[in-house]
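Novice: from the sequence below, what's the structure:
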Amino acid sequence: MHDRRFFVAVTVPDDPTEEVEEKYAESAFGRERQSSDEEVPYFWDARGWRCKTGDVILSFEWDEDEEAYVYDNLWEVQGLIDRGFIVPLAPIKTAFGLKMTKTDGRSLAKKVTRIVEKGEIDGETNLLPIERFMSLLSGISD
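Specialist: Okay, the predicted model is just below:
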């Protein structure tokens, strides 16, 4: 997987600011959504992520009710807005021939929670190359 643009996002969800919503609405992605009434998901506050169109992101987000990270989805980056600060996404079912099931997602989410609890990564907003994530997983037992 080292030659693939495959990342893992670990985030705490929050609502976008008005400025973010305006920038998104003014973009081609926002205009497309307005014309189709289809909501296009996106990450924001992602400037340091250095992702590119076509990158794949396996996403986990903090769930207050569960008090743990949960599997969000497998996404493909559709483009970049505001020099990469806003990252529009499209859901995908497979990445590089690998299918992500809900069971897989739940299992990995438990491990993400443990990785954050151990202080291996920041649990706020983090984008990790898949190799780094796999390395961290190797230190987590079931």
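Novice: what about N73, is that helix, strand or coil?
Specialist: Following DSSP: H, G, I helix; E, B strand; the rest coil, the label given to N73 is strand.
Novice: quick check: beta-bridge partners of W62?
Specialist: For W62, the beta-bridge partners under DSSP bridges are Y69.
Novice: which residues are in contact with I130?
Specialist: Contact analysis of I130 by CB atoms under 8 Å, 6 or more residues apart in numbering lists M1, R4, F6, F7, V8, L58. Glycine gets a C-beta too; all of them are placed from N, C-alpha and C.
Novice: ok, now how distant is the third one from V56?
Specialist: Same thing as F6. Distance, F6 to V56, by CB to CB, to the nearest Å: 5 Å.
Novice: could you name every residue contacting both of those two?
Specialist: Here F6 and V56 share the contacting residues A95, F96, scored by CB under 8 Å, 6+ apart.
Novice: follow-up on the earlier one: so which of the contacts of I130 belong to helices?
Specialist: Judged by DSSP state H, the contacts of I130 include no members of helices.
Novice: need the next SSE after the least confident helix or strand in the chain by mean pLDDT, C-terminal direction.
Specialist: Sorting the helices and strands of the chain by mean pLDDT, DSSP states H and E puts helix 28-36 at the bottom, at a mean of 73. Note on helix 28-36: by DSSP states H and E, the next helix or strand toward the C-terminus is strand 42-44.
Novice: show me what that next one is packed up against.
Specialist: Judged by 3 or more CB pairs under 8 Å, 6 or more residues apart in numbering; DSSP states H and E, the packing partners of strand 42-44 are helix 18-26, strand 86-91.
Novice: mind checking how far that strand is from the chain centre?
Specialist: Distance, stretch centre to chain centre, for strand 42-44: 8 Å (CA atoms, centre = their mean, to the nearest Å).
Novice: then stretch 81-95?
Specialist: Here stretch 81-95 is found 8 Å from its chain centre; the criterion is CA atoms, centre = their mean.
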